[in-house]
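Colleague: Output the structure for:
(2 chains)
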Protein chains: 2
Amino acid sequence: MQFSPLIKDLVDAFKILPGVGPKSAQRMAFHLLERNRQGALQLSRVLHNAMEHVKHCEQCRTFCENKLCEICANPKRQLNTSLCVVESPQDVLAIEQTSEFKGRYFVLMGHLSPIDGIGPADIGLEQLATILEKDNIDEVILATNPTVEGEATAHYIAQMCRTNDVKASRIAHGVPVGGELEFIDGNTLTHAFAGRRSF
Amino acid sequence: MQFSPLIKDLVDAFKILPGVGPKSAQRMAFHLLERNRQGALQLSRVLHNAMEHVKHCEQCRTFCENKLCEICANPKRQLNTSLCVVESPQDVLAIEQTSEFKGRYFVLMGHLSPIDGIGPADIGLEQLATILEKDNIDEVILATNPTVEGEATAHYIAQMCRTNDVKASRIAHGVPVGGELEFIDGNTLTHAFAGRRSF
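Modeller: Got it, this is the predicted structure:
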């Protein structure tokens, strides 16, 4: 015996969500059917709208539904000569929450990964080259993730910056604030020592 | 800074799912936008269909899109004189997977809970009374959950059965197969001793 076709389809559809297996999918389907049909209809509408209308910002490549995202449409931000390169829109949000950076962003939507067939064109590096050539950029801050692919991508972009005579910098790697030394991995500690600053 | 309105709405909409907080909702939204727009559109369609068309089986109250569910529409099942009372459609699936029970079901879609204002009418007990009176039922197997509310509901239905001269039985409580005695709670052990059978 199985659930009726519509319920089975619904459980299967939920399984495409990250971190959702058969049991969670079933729980979600029944929760909505029993307790929140209005919310589910709203989710269905919003999901459809977002998938149809969300595209990439023409300047920084982040997700947005207009031609330019909020930051790229802000003239004050455009006058700033710093450009921060990140891997994903979530990274932009994380940096914005610190209120530390007032410049523009460029969102790669991924990282270089030859093994997966992801080359420079796939992460918008041609568009970035045009920005470095034409726009008034003094410094590129490379804030890709501290993974092998993220580092490789940062190195590649630093090379591009050198070609265009733009200063490139990498965010610091070291011991996170509030972390305890004994639980930090050796690689991070090596970075923390190599990047030490006079007190 | 926030995400663009459509993305924010999508993240908020995902938060209605059980076990999904702000971070998981954000992960789901970006995962679908980046990697699986087709799957997301399919989820949107299926979600809408299910919420619009899934209703309750007229006989056993489980979820289905037709007048009768698969089990209630099966004439062989209807000839069986046992009726199993469970709290949710998921319980029906769990019992069906054992292939142990060949009778009909009655799905309460909840349990008695005066503190939440859930009385006999809310869990379909009037409909159950009609079934006990008119249909040819010999035995009612009470398979509600072994919680305080589940037990209270079972007692209430057992009383109804007595009024209609129908035998009522409760599924056994005891040590789960494969469980280890030292990790079983005292309440379950008490049940296991009280319900012992001669070897």
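Colleague: Need the residue closest to the centroid of chain A.
Modeller: Nearest residue to the geometric centre of chain A (CA atoms, centre = their mean): residue A:88, 1.1 Å.
Colleague: Do me a favour and get the end-to-end distance for stretch A:188-199?
Modeller: Length of stretch A:188-199, first residue to last, CA to CA, to the nearest Å: 20 Å.
Colleague: now stretch A:126-145
Modeller: Start-to-end span of stretch A:126-145 (CA to CA) is 21 Å.
Colleague: starting at the chain centroid, how far to that stretch?
Modeller: Relative to its chain's centre, stretch A:126-145 lies at 16 Å (CA atoms, centre = their mean, to the nearest Å).
Colleague: same question, stretch A:67-74
Modeller: 16 Å.
Colleague: where in chain A is pLDDT low?
Modeller: Low-confidence segments of chain A, defined by pLDDT under 70: A:1.
Colleague: how about the helices in it?
Modeller: A:5-14, A:22-35, A:37-53, A:75-79, A:89-96, A:125-134, A:148-163, A:186-194 (DSSP state H).
Colleague: Contacts for the last one, please.
Modeller: Outside of helix A:186-194, the residues that reach it under the criterion CB atoms under 8 Å, 6 or more residues apart in numbering or on different chains are A:173-175, A:181, A:184. (C-beta placed from N, C-alpha, C; glycine too.)
Colleague: Pick out the most distant pair among the residues you listed.
Modeller: Maximum pairwise distance among those (CB to CB): 15.0 Å, between A:173 and A:181.
Colleague: So between the two, which is more surrounded?
Modeller: residue A:173 (15 against 8; other CB atoms under 10 Å in any protein chain shown).
Colleague: Could you find the closest non-adjacent residue to that one?
Modeller: residue A:191 (4.0 Å; CB to CB, 6 or more residues apart in numbering or on different chains).
Colleague: Quick one: neighbours of that neighbour, just the number.
Modeller: Residue A:191 has 16 neighbours, counted by other CB under 10 Å.
Colleague: next one: residue A:64
Modeller: For residue A:64, using other CB under 10 Å, the count is 25.
Colleague: quick one: contacts for the closest residue to it other than its chain neighbours?
Modeller: Distances taken as CB to CB, 6+ apart put residue B:4 closest to residue A:64, at 4.3 Å, once the chain neighbours are dropped. By CB under 8 Å, 6+ apart, the residues touching residue B:4 are A:54, A:63-66, A:69-70.
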